[in-house]
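>>> model this:
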Amino acid sequence: MRVTKAEVRRLRIPFEDGGAGEGLFPGTFKAADCVLLRLETDAGLVGWGEAFGHFCSESVAAMLERAVCPLLIGAEPEDPAAVTADLQRKLHLIGRYGVTTFAISAADIALWDLAAKAEAVSLAELIGGRRRGDLPAYASLVRYGDPALVAEKAAEAVGRGYPVLKLHEITLEAIRAGREGGGDVPLTVDVNCNWSAERVLDWAPALREIGLHWLEEPIFPPEDFATLARLRRETGIPLAAGENLCTAVQYRAMIAAGAVDFVQPSVTKSGGVTETLAARAAAEAAGLTVAQHSPYFGPGYLATLQILAAAEDEELFEYLYVERDRELYRGLPTPEGGRIAVPDGPGLGMEPDPEAMARLAAD
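Residues are numbered from 1 along each chain as shown. A predicted model of the protein is given here:
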């Protein structure tokens, strides 16, 4: 079986979060930008992948179209890891990380989708066996910046049955508000690299009092593993990082530095299923906990569900806590009572709805 056609689609999935949509990205975050890759084979199978595209979808799509897609024509998807390794070698002069790896991630996910479909099994079954049909999901709230609104949304999510909450707040007042609204539910905070090491140390007593399940990416740059390791030792607060790392090379370096308690590979950023599995294996070998990063609603969402369905132990699925009026998939599983079902169809488990794709087209 060989790839005969590769097509790139840019989508925009609008959503409402109850806030202003400001603070996380350069512009207003009121829609999820998705870059999809469709691969077709001479056997008539179609595979779907997704590259990270928030606020960079045009660049990622261009990388796919100009650099990645030409290299995929004629590729044999039965061994996705081998094809992905070849893409990395041939594209390293363009850049090892960032947009290049986002594009390779889409290719890798689509190849794994094809490989599983060729065997008429789900991705979970192909990568180690489907161990569970549903997963606990935690509510990943956007940044609101308004303590009253943070408390309201945290309480709302707990009321809907979410067993864990994530905030993206960067002030102590807003984080305390999240704790008030969330009550005793485990609370995580993703700072998105907004603090200095000195601020982390200064605020550590208050953060310990609030009680965090983990503190995520507190400092810039995110790959300053030595400083993360020092903060982990000196604060006693569990640290998480990894959503902005690419390929298992960076994950192994972070783990070797003793920088974190929770390792967070992102399937649409890190290099796809192949690099995510390698990062997970490194974390598990070191006795660390994996916490997949997954604020997506396309193939990356489904690939994450499949990976977690095959995991040795039950893990949390990150669900971006927003309301969407349009879905890319008919019947896309979403959390109910704090748990989410894993599709059991071949490959990623579901196929995009052509009508929805036409409505959501960003071009």
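>>> which ones are touching the most centrally placed residue in the chain?
When CA atoms, centre = their mean is applied to the chain, the residue found nearest the centroid is S294 (2.6 Å). Neighbouring residues of S294 by CB atoms under 8 Å, 6 or more residues apart in numbering: 266-267, 300-301, 304, 317-319. Just so you know, the C-beta spots here come from the backbone N, C-alpha and C atoms, and that holds for glycine as well.
>>> swap the cut-off to 6 Å and go again
304, 318 (CB atoms under 6 Å, 6 or more residues apart in numbering).
>>> gap between it and A62?
S294 sits 25 Å away from A62, taking CB to CB, to the nearest Å as the criterion.
>>> what ranges do the strands span in the chain?
For the chain, strands defined by DSSP state E occupy the ranges 3-16, 31-41, 46-52, 134-140, 165-167, 187-190, 214-216, 239-241, 262-263, 289-290, 317-320, 323-324, 339-341.
>>> just the helices in the stretch 251-363 of the chain please.
Taking DSSP state H, counting those that start in this stretch as the test, the helices found in the stretch 251-363 of the chain are 272-285, 299-309, 354-360.
>>> Please apply the same query to the stretch 1-150 of the chain.
Counting by DSSP H, counting those that start in this stretch, the segments of the stretch 1-150 of the chain that form helices are 57-63, 69-72, 80-91, 99-118, 123-126, 147-159.
>>> T41 is nearest to which of those?
T41 sits nearest to helix 99-118 of all the helices of the stretch 1-150 of the chain, at 6.3 Å, using CB to CB.
>>> tell me the angle the closest one makes with helix 299-309.
Counting by axes from the mean of the first three to the mean of the last three CA atoms, to 10 degrees, helix 99-118 lies at 60 degrees to helix 299-309.
>>> packing partners for helix 99-118?
Applying 3 or more CB pairs under 6 Å, 6 or more residues apart in numbering; DSSP states H and E, we find helix 99-118 packed against strand 31-41, strand 46-52, helix 57-63, helix 80-91, helix 123-126, helix 272-285.
>>> CA-only coordinates of that helix in PDB, if you can.
C-alpha atoms of helix 99-118 as PDB (Å, rounded to 0.1, in the frame of the first residue of the first chain):
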ATOM      1  CA  VAL A  99       6.200  24.700  12.400                       C
ATOM      2  CA  THR A 100       8.200  21.900  10.800                       C
ATOM      3  CA  THR A 101       7.400  19.400  13.500                       C
ATOM      4  CA  PHE A 102       3.800  20.500  13.700                       C
ATOM      5  CA  ALA A 103       3.500  19.600  10.000                       C
ATOM      6  CA  ILE A 104       5.300  16.300  10.500                       C
ATOM      7  CA  SER A 105       2.900  15.600  13.400                       C
ATOM      8  CA  ALA A 106       0.000  15.800  11.000                       C
ATOM      9  CA  ALA A 107       1.700  13.300   8.600                       C
ATOM     10  CA  ASP A 108       2.500  10.900  11.400                       C
ATOM     11  CA  ILE A 109      -1.100  10.900  12.700                       C
ATOM     12  CA  ALA A 110      -2.500  10.300   9.300                       C
ATOM     13  CA  LEU A 111       0.000   7.500   8.700                       C
ATOM     14  CA  TRP A 112      -1.000   5.800  11.900                       C
ATOM     15  CA  ASP A 113      -4.700   6.200  11.000                       C
ATOM     16  CA  LEU A 114      -3.900   4.400   7.700                       C
ATOM     17  CA  ALA A 115      -1.900   1.700   9.300                       C
ATOM     18  CA  ALA A 116      -4.700   0.800  11.800                       C
ATOM     19  CA  LYS A 117      -7.300   0.900   9.100                       C
ATOM     20  CA  ALA A 118      -5.200  -1.400   6.900                       C
END
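>>> can you list the residues that contact it?
So helix 99-118 is contacted by 37, 39, 45, 47-52, 59-60, 63-64, 68, 72, 77-78, 80, 83-84, 87, 91, 94, 123, 126, 246, 268-269, 271-274, 299, 303, 346-348 (CB under 6 Å, 6+ apart).
>>> Report the buried members of the residues you listed.
Neighbour-count burial (16 or more other CB atoms under 10 Å) is assigned, among these, to 37, 39, 45, 47-52, 60, 63-64, 68, 72, 77, 80, 83-84, 87, 91, 123, 126, 246, 268-269, 271-274, 299, 303, 346-348.
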